[in-house]
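Q: Next one to model:
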Amino acid sequence: MAPLPPEDVECLHPGLAEPRMKEDWFAYVFYDPPSRPFLPSYEVYLAMDGAERRRLNRIRNRYHSALVLAWTPAVQHFETEITELLAANEMAPPGARLGLLIDGPPTVGKSTLVKMIARKFEQELREDFPERFVPERLGSYVPVVYISLTDQVTPKQISLAIARYLNVPTSGTKDTIDDRVLTALTASGTQLIIFDDLHFLDCSLKEGRASNDHIKFLANHAPCTIVGTGVDLENSPLLSEGGPIGPRTKSARPKSPASGPRTQTAGRFSRQELAPFALDSNDRILQWVAVIRSLESSLALYQHKEESLTRRHWRYLHERTDGSIAGLHALIRRSAVRAVQQGTEAITREIMDSIVLSYAHERAYAKVTELKSRQAATEAKKQSQKQRAADGTA
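A: Numbers count the residues shown, from 1 in each chain. Predicted coordinates for the structure are as follows:
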């Protein structure tokens, strides 16, 4: 088979993967999402032959799949928190530096948020200190380390993950690897370490408690700011020795952090919550609507009515996604692709209703619709009673 021309080679890669090594992270930092494709007139589009139209549709689907997460007030808040921590820790004396834990339910966008902020941090470093990124130093200066933890992670696995990320040899004992990792973090000029999915530190198990201690060890000895994300961290033994017993041990009632002594991690990390969008004030409603508008204005569809989602369906989109930014992006991306494939060329309520989101989102929406049905039935009953009373009076 003849090789693809150079301009098509990029298309062999399906997209960005979760960073596991510094090269993966650099790819994310340098990555530019597909630009909005040029759309010929609708008449020209309809007159295209099958191959031409399929090629344009594929380009549009690629573009819609990469719609960028909006820089919401929550992202802006955590950007301020993280950049302030980085500045406060940069030349701090030896010892544990201040860290941050971002706690919240699944699908609110914690992982995406920290990657966005870290990416911007490194991009600004590249702009402000280009001499640190000259070709002969490329790869030796690694300001950001991003580690996504796995289930029941052990201290050695944490060090191995950092070692692989930095291309450090992984043979030898845990102490040997730890020494290499600490040396590499210093030599690489690492300023920010992100531990994603910290809830996988099941601290009720022996290895889990040791992993908690290992995070403390890194905070003590690595000259870096550590930011962690996770689910229900407030009630985890990461912050308290009195946390719940893990799923593979004997069951017990979960204890609150106040029921046990605080860990050293609790004294060195602040905890802040990232919650789903709530429509509990005019300001929050306007923020939610602004997120929808930013996504809707980016659509490359022929028949979509301008701001129809923003003006007509903002509350439905909140109910449908339970206020989850990740759910909102998933619904709009899927709907845009389906609108192209089905030829409707517009995201409508019917299109959105036909999309099946995650189990959690669908279950939450089912509860909303059930509650609305009960309220409608109650209201209809009241109206019927009023009508019968009025008829009797007459």
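Q: For residue 85, list the residues it contacts.
A: Contacts here follow Cβ atoms under 8 Å, 6 or more residues apart in numbering; on that basis residue 85 touches 98, 99, 100, 225, 227. Backbone N, C-alpha and C define where each C-beta goes, glycine included.
Q: Go again with 7 Å.
A: 98, 100, 225 (Cβ atoms under 7 Å, 6 or more residues apart in numbering).
Q: So the first one sits against residue 87, correct?
A: No - under the contact definition of Cβ atoms under 7 Å, residue 98 does not touch residue 87, with a separation of 11.0 Å.
Q: packing partners for the helix or strand harbouring residue 370?
A: Of the helices and strands defined by DSSP states H and E, residue 370 is found in helix 359-393. Where contact means 3 or more Cβ pairs under 7 Å, 6 or more residues apart in numbering; DSSP states H and E, helix 359-393 is packed against helix 314-321.
Q: contacting residues around the helix it packs on?
A: Counting by Cβ under 7 Å, 6+ apart, 277, 279, 288-289, 292, 309, 327-328, 331, 352, 361, 365, 368 sit against helix 314-321.
Q: Apply 6 Å and report the result again.
A: By Cβ atoms under 6 Å, 6 or more residues apart in numbering, the surrounding residues in contact with helix 314-321 are 279, 289, 292, 327, 328, 361, 365, 368.
Q: which parts of the next helix or strand after it are buried?
A: Proceeding N to C from helix 314-321, the next assigned helix or strand is helix 325-342, under DSSP H and E. Within helix 325-342, the residues scored as buried using 16 or more other Cβ atoms under 10 Å are 325-340.
Q: Stretch 370-380 now?
A: For stretch 370-380, burial by neighbour count (16+ other Cβ under 10 Å) applies to no residue.
Q: Extract the C-alpha set from that stretch and format it as PDB.
A: Taking C-alpha atoms only, stretch 370-380 is exported to PDB below (Å, rounded to 0.1, in the frame of the first residue of the first chain):
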ATOM      1  CA  GLU A 370     -39.900  11.200  38.200                       C
ATOM      2  CA  LEU A 371     -40.200  14.200  40.700                       C
ATOM      3  CA  LYS A 372     -41.600  16.400  37.900                       C
ATOM      4  CA  SER A 373     -44.200  13.700  37.000                       C
ATOM      5  CA  ARG A 374     -45.300  13.500  40.600                       C
ATOM      6  CA  GLN A 375     -45.500  17.300  40.900                       C
ATOM      7  CA  ALA A 376     -47.500  17.500  37.700                       C
ATOM      8  CA  ALA A 377     -49.900  14.800  38.800                       C
ATOM      9  CA  THR A 378     -50.300  16.600  42.200                       C
ATOM     10  CA  GLU A 379     -51.000  19.900  40.400                       C
ATOM     11  CA  ALA A 380     -53.400  18.300  38.000                       C
END
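Q: Give me the contacts around that stretch.
A: By Cβ under 6 Å, 6+ apart, stretch 370-380 touches no other residue.
Q: got it, and stretch 41-53?
A: When contacts are defined by Cβ under 6 Å, 6+ apart, stretch 41-53 is touched by residues residue 302.
Q: what separates that stretch from the chain centre, distance-wise?
A: Relative to the centre of its chain, stretch 41-53 is centred 37 Å away, using Cα atoms, centre = their mean, to the nearest Å.
Q: Doesn't residue 146 lie inside a strand?
A: Yes - assigned with DSSP: H, G, I helix; E, B strand; the rest coil, residue 146 falls within a strand.
Q: coming back round to it: export the contacts of helix 314-321 as CSV, with columns for pLDDT.
A: Shown next, in CSV, are those (pLDDT from 0 to 100):
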residue, pLDDT
279, 94
289, 95
292, 95
327, 92
328, 94
361, 91
365, 91
368, 90
